[in-house]
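Q: Build me a structure from this.
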Amino acid sequence: MSFQPVLPFMGYPGWTFLSRTLDQQQETFEQGAQITRQVQNFEQKIGAVQTAEQLVNDRQLLEVALGAFGLEEDINSKAFIQQILESDTLDTASLANRLADKRYLEFAQAFGFGDFDVPRTQLSDFPTEITTAFQNNRFEIAVGDQNADMRLALGAERDLQVLSDRSISDTAKWYTVMGNAPLRQVFDTAFGMPASFAALDLDRQLEVYRDRAIRDFGTDSIEQFNQPEMREKLIRNFLIRSEAQNFNAQTSASQTALTLLQSG
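A: Numbers count the residues shown, from 1 in each chain. As a prediction, the model looks like this:
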């Protein structure tokens, strides 16, 4: 039986425990037989892959490739994934650029099939780049099987560090947050956004995000989350608000059930 992450507490106390034991738990998880086989197979074979078609036709390689970007649910959408991989990511009209979920763009950029005559699969450090991301994602999934909020928190911790290293404007970084569904969920919950918020015009959403960032963190720059203490505050706010929302939903459901019983 594979190792399952240990989460003895819910909410922010659970996150504190997970953060403290993360390195040890993740190392133990990655030593599991299935993860080890998948990583070794990818690292041995990906160098021979030179086209998107070759990748999508090898299910084992594709599973790791998609899993590295949290796109594992698309494993059976071979034609769609091939189109993504063959996109010219510098062309704003390409499919990878048009999709709201920017994980697809990052996926296409990582492999470079549509950008270069020689794809990035030929680089010596490419296999490790992808398998490391795959291992991280698989661990997050295992955590999410026990607590979905913890998975979102782990993803936010990772994605915000990656985002801070990108050479794009602060506005572009906010739009990247808005285009990353899991990361957006963390921000929306932490900022107390209603479900109807996503229906607003994107420019208006950006204004609200920045207003809430100033209110809760003192500045509207996404760059602040490059600091560990600011990421921790964001995740704490997310977990506390999410737990409160779940409690309120459960209380409302219980009251509804009691009302129905009394009326009957």
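
Q: CA atoms for contacts and neighbours, from now on please.
A: OK.

Q: OK, contacts around Gln60?
A: 38, 42 (Cα atoms under 8 Å, 6 or more residues apart in numbering).

Q: how close does it sit to Thr132?
A: Summarising the geometry, the distance separating Gln60 from Thr132, computed by Cα to Cα, to the nearest Å, is 16 Å.

Q: Equivalent analysis for Asn147, please.
A: Relative to Thr132, Asn147 is positioned 22 Å away (criterion: Cα to Cα).

Q: Of those two, which one has the most company?
A: Asn147 (17 against 14; other Cα atoms under 10 Å).

Q: Against Phe29, how distant is the more buried one?
A: The gap separating Asn147 from Phe29 is 17 Å, by Cα to Cα.

Q: what do you get for Gly144?
A: 14 Å.

Q: Show me the helices in the stretch 151-264 of the chain, by range?
A: With helices called from DSSP state H, counting those that start in this stretch, the stretch 151-264 of the chain shows them at 170-178, 181-190, 202-217, 228-263.

Q: after the host helix or strand of Gln34, next one along is what?
A: Assessed by DSSP states H and E, Gln34 sits inside helix 33-45. Scanning the chain past helix 33-45 towards its C-terminal end, the next helix or strand to appear is helix 52-56 (assignment: DSSP H and E).

Q: Need the contact partners of that next one.
A: With Cα under 8 Å, 6+ apart as the contact definition, helix 52-56 has outside contacts at 49, 61-62, 78, 81-82, 85-86, 113.

Q: Try it again at 7 Å.
A: The contact list for helix 52-56 (Cα atoms under 7 Å, 6 or more residues apart in numbering) reads 49, 61-62, 78, 82, 85-86, 113.

Q: Same check on stretch 230-239?
A: Stretch 230-239 is touched from outside by 11-12, 149, 153, 157, 186, 189-190, 224-225, with contacts defined as Cα under 7 Å, 6+ apart.

Q: how about it: buried residues?
A: Taking 16 or more other Cα atoms under 10 Å as the basis for neighbour counts, the residues of stretch 230-239 that come out buried are 231-232, 234-239.

Q: swap in stretch 123-132?
A: Buried residues in stretch 123-132, defined by neighbour count with 16+ other Cα under 10 Å: 126-127, 130-131.

Q: Same check on stretch 69-84?
A: Neighbour counts using 16+ other Cα under 10 Å place 69-72, 75, 78, 81-84 of stretch 69-84 among the buried residues.

Q: Also stretch 128-144?
A: Neighbour counts over stretch 128-144 (16+ other Cα under 10 Å) mark 130-131, 133-144 as buried.

Q: any idea how far that stretch is from the chain center?
A: 10 Å (Cα atoms, centre = their mean, to the nearest Å).
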